[in-house]
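Enquirer: Please work out how this folds:
(one chain, ligands or ions: 1)
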Amino acid sequence: MREVDAYLGLGANLGDRERALRVAVQRLQATPGLEVVACSSFRESAFVGEGPAQPPYLNGVVHVRTALPAATLLALGKALEREAGRALPAPRNQPRPLDIDVLLHGGQTIDTRELVVPHPRLHEREFVLTPLRELGVDVAALARPARPRVIHDPAEFAAVCTGWHEGGCQIGVVPTMGALHEGHVSLMRLARAENDRVIATIFVNPLQFGPKEDFAAYPRDLQADLGRCGAAGVDLVFAPSVAQMYDPGFCSHVAVGPAAEGMEGALRPGHFSGVATVVARLFALCRAHRGYFGQKDAQQVAVLRRMTRDLGFPLRLVECPIVREPDGLAMSSRNVYLGAADRRAATVLFRALCAGRQAFAHGQRHRDALLEVARTVVIAERRASLDYLELRSEPDLEPLPAGPVDHGRLLIAARFVDGARPVRLLDNLSLTGPGA
Ligand code: PAF
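Expert: Sure, this is the predicted structure:
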């Protein structure tokens, strides 16, 4: 490998900070294959990360010229951190006697599990930017990485994911149709906590809308969605157009089985085949390790769980709890279309489910009696037109026969017609599980 100019960020906020930085520079000077060209002055700065307050840091940047790969510089940095007394691996955001980051390595871009170069938060950190400027680096000319990165082209999306796989990253994907709300954000946050890289997909999928459904009118606001994705720590948003997702010859569809029968499947013929087709295509493009879906669409989760198993995707499907408004209404992208009176009335879904669950808690065990308790609540709300109310088995949502039940999930769908456009809302609640 030819020699490059690389920049290493040094920091310490425990013990004799200045000594630790000076010793690190000396060690770098003594490293074969590496020339220390210059070292910035050291500056004190307040701790800026998450978590409890910490002592202030002393920071500086070292300019080195080397043919060593960035991964070797990272390993060298870790060795010096250990030598300075840092126990590694260490939890994030802990005080440290020495911290060494590879900030820049020639013009190289690296995106692996261990290393992202240029350093992803370089532009946010004055304690790095000021020393870099002192060393003559034109920081304004350094491309500011877009966070999240937005990709529209499926081939480019697949290529970035392949790079992440090769770099050893665990990948989480949150498929969405946009119009993001706190429910989606909760999926992204969980994905962030469990993976090295987080993808959100934003694609209003025509295959899952019937001819009389609201495909054209489905809410779309990419800029607002990107803001939410960025705040939730998403690394990459895949937002293809319909033509990019489905080329003109596209004709393969995933057929779905009994999990798609009844309820949404009965009212929306072809819907779950459309959902399974797009999700299979997304899984195939990104080859994520985990896929995150909200429990509000419980039948969708059951269909996708079966599809994932049947088609052999090596992915764990993570089912996440429903996120509710303070009055109990399940969050949904379509809630924005409820008129004021319908919005108030829409809490009836949750109230009905809770009534059914309460009856179960008080000893009612008969399927039809439990359904009747919930139905009575819905029928009392004249603004709601009930599409279905069912009690199904958990976790696969198979129909439960009439008679006594010892568990189950109540699922409901109802229409509200008084707002800007008719709105169908779904909700569900386990008879035995936690709150939502
Ligand atoms: O739940 C949704 O938003 C969609 O059905 C999904 C899973 C993104 C597929 O288009």
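
Enquirer: residue contacts, the residue most central in space within the chain?
Expert: With distances taken as CA atoms, centre = their mean, residue 188 lies nearest the centre of the chain, 2.5 Å away. Residue 188 makes contact with 174, 198, 200, 228-229, 232-234, 292 under the criterion CB atoms under 8 Å, 6 or more residues apart in numbering. Backbone N, C-alpha and C define where each C-beta goes, glycine included.

Enquirer: Restricted to strands, list the residues you listed.
Expert: Counting by DSSP state E, the contacts of residue 188 place 174, 198, 200, 292 in strands.

Enquirer: Okay, the second one and the ligand: tell me how far apart.
Expert: Meaning residue 198. 15 Å (CB to the nearest ligand atom, to the nearest Å).

Enquirer: Quick check, that residue in contact with residue 230.
Expert: No: using CB atoms under 8 Å, residue 198 makes no contact with residue 230, being 11.1 Å away.

Enquirer: picking that back up, how about the residue nearest to the centre of the chain, secondary structure?
Expert: When classified by DSSP: H, G, I helix; E, B strand; the rest coil, residue 188 comes out as helix.

Enquirer: Residue 38 versus residue 278, what's the distance?
Expert: 53 Å (CB to CB, to the nearest Å).

Enquirer: I figured residue 131 hits residue 45, correct?
Expert: No: in this structure residue 131 lies outside contact range of residue 45 using CB under 8 Å: 10.6 Å.

Enquirer: between those two, which one's more packed in?
Expert: residue 131 (24 against 16; other CB atoms under 10 Å).

Enquirer: Enumerate every residue touching the more buried one.
Expert: Per CB under 8 Å, 6+ apart, neighbours of residue 131: 9, 40-41, 43, 59-61.

Enquirer: Can you select the buried ones from the contacts of residue 188 in PyMOL?
Expert: This is how PyMOL selects the buried members of the contacts of residue 188, with burial counted by 16 or more other CB atoms under 10 Å:
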select buried, resi 174+198+200+228+229+232+234+292
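
Enquirer: so which of the contacts of residue 188 would you say is closest to the ligand?
Expert: residue 174 (8.6 Å; CB to the nearest ligand atom).

Enquirer: low-scoring stretches of this structure, by residue?
Expert: Across the chain, the ranges flagged by pLDDT under 70 are 419-420, 434-436.

Enquirer: who in it is up against the ligand?
Expert: Residues of the chain lying close to the ligand by CB under 6 Å from any ligand atom are 175-177, 205, 208, 275, 278-279, 297, 300.

Enquirer: now, which of the residues you listed lie within helices?
Expert: Judged by DSSP state H, the residues of the chain next to the ligand include 275, 278-279, 300 as members of helices.

Enquirer: show me where the stretch 51-200 of the chain has strands.
Expert: Remark: strands assigned in the stretch 51-200 of the chain by DSSP state E, counting those that start in this stretch are 57-66, 99-105, 110-111, 116-117, 149-151, 171-176, 197-202.

Enquirer: Does the first one pack against any helices or strands, and if so which?
Expert: Contacts defined by 3 or more CB pairs under 8 Å, 6 or more residues apart in numbering; DSSP states H and E place strand 57-66 against strand 4-12, helix 17-29, strand 34-39, strand 43-45, helix 126-134.
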